[in-house]
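Trainee: 3D model of this:
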Amino acid sequence: MSKIHVDFVRGKKVESTHQVKALVTTVDGEVLLSTNNDNEYFFPRSSIKIFQAIPFAMSNAIKNYKLNNKHIALACASHKGEKFHIKELKKWISKINLKTKNLQCGIHAPLDKSSSEKIIYSRKKFNELHNNCAGKHLGMLTSCLVNNQSITNYLDYNHVHQKNIRKIFNKFTESKLSKKNFSLDGCSAPQYSFKIKSISKALNNLIKSYKNNYDYSDQVRTLVNSILENPEFIGGTASFDTKVIKASKGRIFCKSGAEGVFLFVDFQNEISGVIKITDGNERAIPIAILNIFKKFKVMSKVELKNLEKKEKFELKNHAGRNIGCISLTMK
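Mentor: As a prediction, the model looks like this:
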C-alpha cells in the first residue's frame, strides 16, 4: 500500500493538501501501486468517454456519413472549444443534417479562455457545440440516426443506445452495472459510479482489445488511433492529457475527467493507471502523474523533462514573484 498526497506550499508552509487515490497495474492485473482504495466507488466522469464511444464505432455511422479521424477523436473528447474544434464539429453536424438544439448537452462557454473571450467580444452567442461534451453527443446522435433509433430521448436510461453503452461497460469491467450506480453527468448523459479496480480492469482489457486479444478490437483501434493521431482533439492545446499523448509520441492513451480523475494506458509497457484526487481538485493531477510515470519508467527521461517544462510546479503571484511550489509525497 502507498500513500500519496500533493502539497501546495506558500513560503515554507503547506497551505493546501490533496490526497491521491491511485491504482496502477499490469495488463494481467498485477498491482504495481495501490493506495488501498481499490474497492471504493467513484464517478470517472469524462475519462471513460472512449468506452461510451464504442457503440458509435460499431455502427455504420463513420462510414455512412464519411466522418474523419478528427470527428472520431472528438467523440471521445472533452474539447476546449478552440477554433479547430468548432470547425470540425460544425462539419460533423452538417453531415448528419441536425441542428445544435438537437444536442441535449446544454450550453457553456468554451473552456479555453481565449476562445471564450473572442466570442464574447464579437457579441456572438455560445451554443451546444461549445459544450466540451459535444463530440460525445454527436457520436450518440449519429449512431441513433444510422440505426433508425429515436433522437428525441437518446439520453434516457432505457434508450437502446444507452443500453448498448452499459453492455460495453459490463464487458470491459467484467462486472454488471446496477441501477443504483446510475446518475447524470454535467452534460445530462448517464454517468455511473464504478469501483476503482473495475475501471482498472476495463483499461487493461482496452490494452488487450487494442492488441487484438479481446473483443471489439476493430472499434477500439479505430477510436484509439484517431486520438493518438490527433491529440489536440481529445482535450486542447493546453490540456494535460493532450500534452501527455504528444510527449509520449502516441505510446500513451490518457483521458482526464472532472473532479480530479485521470486514466492512462501505456500500450508499450502494458500497464494502466487510475488516478482520483479525493477533493476533486484537478491541479494536483500533473505532478501525481509525472511521478508515477517516473517511478514505473512509463516515459523516458527526455520525454518527462519535455513534459515537465510545460507544467508549472513553481508558484508565482501576479507580479511574477516566486511564492512557493507544488510538491508530491509518496510513501
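Trainee: Contacts only, for Thr237.
Mentor: Thr237 makes contacts with 80, 82, 112, as judged by Cβ atoms under 8 Å, 6 or more residues apart in numbering. To be clear about C-beta, it is placed using only N, CA and C from the backbone, and glycine gets the same treatment.
Trainee: Adding distance to Asn225, neighbour count and secondary structure as columns, could you present those in a markdown table?
Mentor: Below are these laid out as a markdown table (distance: Cβ to Cβ, whole Å; neighbours: other Cβ atoms under 10 Å; DSSP: H, G, I helix; E, B strand; the rest coil):
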| residue | distance to Asn225 | neighbour count | secondary structure |
| --- | --- | --- | --- |
| Lys80 | 22 | 22 | coil |
| Glu82 | 22 | 20 | coil |
| Asp112 | 25 | 22 | coil |
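Trainee: Can you lay out those residues as a markdown table showing distance to Ile234 and pLDDT?
Mentor: Output for the contacts of Thr237, formatted as a markdown table (distance: Cβ to Cβ, whole Å; pLDDT from 0 to 100):
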| residue | distance to Ile234 | pLDDT |
| --- | --- | --- |
| Lys80 | 10 | 98 |
| Glu82 | 12 | 97 |
| Asp112 | 14 | 90 |
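Trainee: May I have the secondary structure class of Glu232?
Mentor: helix (DSSP: H, G, I helix; E, B strand; the rest coil).
Trainee: before we move on, back to that, among the contacts of Thr237, pick out the one closest to Asp215, please.
Mentor: Lowest distance from Asp215 to the contacts of Thr237 (Cβ to Cβ) belongs to Lys80, with 32.3 Å.
Trainee: Grab the nearest non-local neighbour of that closest one.
Mentor: In space, and not counting its chain neighbours, Lys80 is closest to Gly236: 3.1 Å by Cβ to Cβ, 6 or more residues apart in numbering.
Trainee: Could you check the pLDDT of the one you found?
Mentor: We have a pLDDT of 97 for Gly236.
Trainee: wait, isn't it in contact with Lys243?
Mentor: No - counting by Cβ atoms under 8 Å, Gly236 does not reach Lys243; the two are 10.0 Å apart.
Trainee: more neighbours, these two?
Mentor: Set side by side, Gly236 and Lys243 show more neighbours around Gly236, with 23 against 20, by other Cβ atoms under 10 Å.
Trainee: for the more buried one, what are its contacts?
Mentor: So Gly236 contacts 79-82, 85, 111-112, 242 (Cβ under 8 Å, 6+ apart).
Trainee: Repeat the analysis, applying 7 Å as the threshold.
Mentor: Gly236 sits next to 79-80, 82, 112, 242 when contact means Cβ atoms under 7 Å, 6 or more residues apart in numbering.
Trainee: Not counting its neighbours along the chain, what's nearest Asp279?
Mentor: His18 (5.8 Å).
Trainee: Which phi and psi values does the one you found adopt?
Mentor: Torsion angles at His18 (phi, psi; degrees, to the nearest 10) stand at phi -120, psi 120.
Trainee: For it, give me its contacts.
Mentor: His18 touches 5-6, 277-279, 281, 284, counting by Cβ under 7 Å, 6+ apart.
Trainee: same thing but 10 Å
Mentor: His18 is in contact with 4-8, 260, 277-285, 287-288, 326, 328, counting by Cβ atoms under 10 Å, 6 or more residues apart in numbering.
Trainee: Return a PyMOL selection command for the buried portion of those residues.
Mentor: For the buried members of the contacts of His18, the matching PyMOL selection, counting by 16 or more other Cβ atoms under 10 Å, is:
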select buried, resi 4+5+6+7+8+260+277+278+282+284+285+287+288+326+328
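Trainee: and the contacts of His18, which of them are in strands?
Mentor: Among these, the members falling in strands (DSSP state E) are 4-8, 277, 326, 328.
Trainee: Next up, the contacts around Ser34.
Mentor: With contact taken as Cβ under 10 Å, 6+ apart, Ser34 is in contact with 1-2, 21-25, 196-197, 200, 274.
Trainee: Compute the distance between it and Lys331, please.
Mentor: For Ser34, the distance to Lys331 equals 13 Å [Cβ to Cβ, to the nearest Å].
Trainee: Check what pLDDT Ser59 gets.
Mentor: For Ser59, the pLDDT comes out at 95.
Trainee: Ignoring the adjacent residues along the chain, who's closest to it?
Mentor: Using Cβ to Cβ, 6+ apart and skipping the chain neighbours, the partner closest in space to Ser59 is Ser143 (4.5 Å).
Trainee: The helix or strand the one you found falls within packs against which elements?
Mentor: Under the criterion DSSP states H and E, the helix or strand holding Ser143 is helix 134-146. Judged by 3 or more Cβ pairs under 10 Å, 6 or more residues apart in numbering; DSSP states H and E, the packing partners of helix 134-146 are helix 49-52, helix 54-58, helix 61-64, helix 69-74, helix 83-95, helix 160-173.
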